[in-house]
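**Q** Here is a sequence with its predicted model. Questions after.
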Amino acid sequence: MTSADTITDSERWPATVAEAEAVQDRLRGQVDLSGPGPARVVTVAGVDVAYDTDSDMVAGAVVVLDVHTLSAVAEATAIGRAQFPYVPGLLAFRELPPLLDAWKQLPTTITPDLVVCDGYGVAHPRRFGLACHLGILTGLPTIGVAKTAFIGDYDPPGPQRGSWSPLVDGGEAIGRALRTRTGVKEVFVSVGHRIDLDSACRHVLALTPRYRLPETTRVADHASRRALRGVLG
DNA sequence: GCGACAG
DNA sequence: ATCTTGTCGC
């Protein structure tokens, strides 16, 4: 019996900002940034959550793609009601419940080699963004790919696909602004768990042969919206 | 004290 | 996140 076995539901899913921040401070020590990262990546998962602000309904989606064909090999969704407000820095407490519910619906035979999250990993005020949190809870390698800036300073990367510049906060490089498509706005990549930044960016480029955002994120986004439409009207 | 602030 | 028409470009 370890302390992890005695974590209660309210300790895992706090109701206040102060408690949620305490949970992040307690869990961040478990993040593995030492690498080497997944030895072989065959399947990559994408996760996303869609919201209906009126009904307060949320839909979480997990999709698993073959990294070479970028076609879906598995998909799962879950419907629920938002249990935590959106607070910058505490996104995980809003999105993880529906995501984990969807995760449980995946065939037990499917375990992705890597998970791409919509948001940040260690590029976070307490170095424990959504990607880190999901990584700790699943034990899998995770990375965060965000569409907009949140924390850190950076210079615009060059115009060519593959160009990047460091995201810097407090003197340390916490991620990268990465150009995934030539002439298109950059994305922000940061490590979540069990992978290094170089590998993370390499995978993001492999997932963006045509669009700015990783195919995993796009497919998960579509799946979550479809699931939400299904329960609404 | 005043802005900024992943989704 | 989400609300939305047309419009520019491949």
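**A** Yep, that arrived.
**Q** CA atoms for contacts and neighbours, from now on please.
**A** Noted.
**Q** DNA strand C contacts on chain A?
**A** A:49, A:50, A:51, A:52, A:53, A:225 (C-alpha under 7 Å from any atom of the strand).
**Q** Okay, and residue A:74 sits in which element?
**A** strand A:72-81 (DSSP states H and E).
**Q** tell me what the helix of greatest length in chain A is packed against?
**A** Identified as the longest helix of chain A according to DSSP state H is helix A:215-231. The helices and strands touching helix A:215-231, judged by 3 or more C-alpha pairs under 8 Å, 6 or more residues apart in numbering; DSSP states H and E, are strand A:43-52, strand A:57-66, strand A:72-81, strand A:114-118.
**Q** Save these as TSV, and put in distance to DNA strand B and mean pLDDT too.
**A** Output for the helices and strands packed on helix A:215-231, formatted as TSV (distance: least, C-alpha to the nearest atom of the strand, whole Å; pLDDT from 0 to 100):
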stretch	distance to DNA strand B	mean pLDDT
strand A:43-52	6	98
strand A:57-66	10	98
strand A:72-81	13	97
strand A:114-118	5	98
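**Q** In TSV: the ones you listed, plus mean neighbour count.
**A** Listed next are those as TSV, based on neighbours: other C-alpha atoms under 10 Å:
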stretch	mean neighbour count
strand A:43-52	24
strand A:57-66	26
strand A:72-81	19
strand A:114-118	27
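**Q** So for residue A:180, which of those strands sits nearest?
**A** Judged by C-alpha to C-alpha, the one of those that comes nearest to residue A:180 is strand A:114-118, at 14.7 Å.
**Q** got a list of contacts for that closest one?
**A** For strand A:114-118, the external contacting residues (C-alpha atoms under 8 Å, 6 or more residues apart in numbering) are A:38, A:41, A:43-48, A:130-131, A:140-147, A:216-217.
**Q** and which of the residues of chain A next to DNA strand C is nearest to DNA strand C?
**A** residue A:50 (3.6 Å; C-alpha to the nearest atom of the strand).
**Q** what's near enough to touch that closest one?
**A** A:58, A:59, A:60, A:221, A:224, A:225, A:228.
**Q** Now do the same contact list for the closest residue to the first one other than its chain neighbours.
**A** To tie it back to what came earlier, the one meant is residue A:58. Using C-alpha to C-alpha, 6 or more residues apart in numbering and skipping the chain neighbours, the partner closest in space to residue A:58 is residue A:51 (4.6 Å). By C-alpha under 8 Å, 6+ apart, the contact list for residue A:51 reads A:57, A:58, A:59, A:228.
**Q** From DNA strand C, how far out is the first one?
**A** Residue A:57 sits 10 Å away from DNA strand C, going by C-alpha to the nearest atom of the strand, to the nearest Å.
**Q** Alright, I will stop here.
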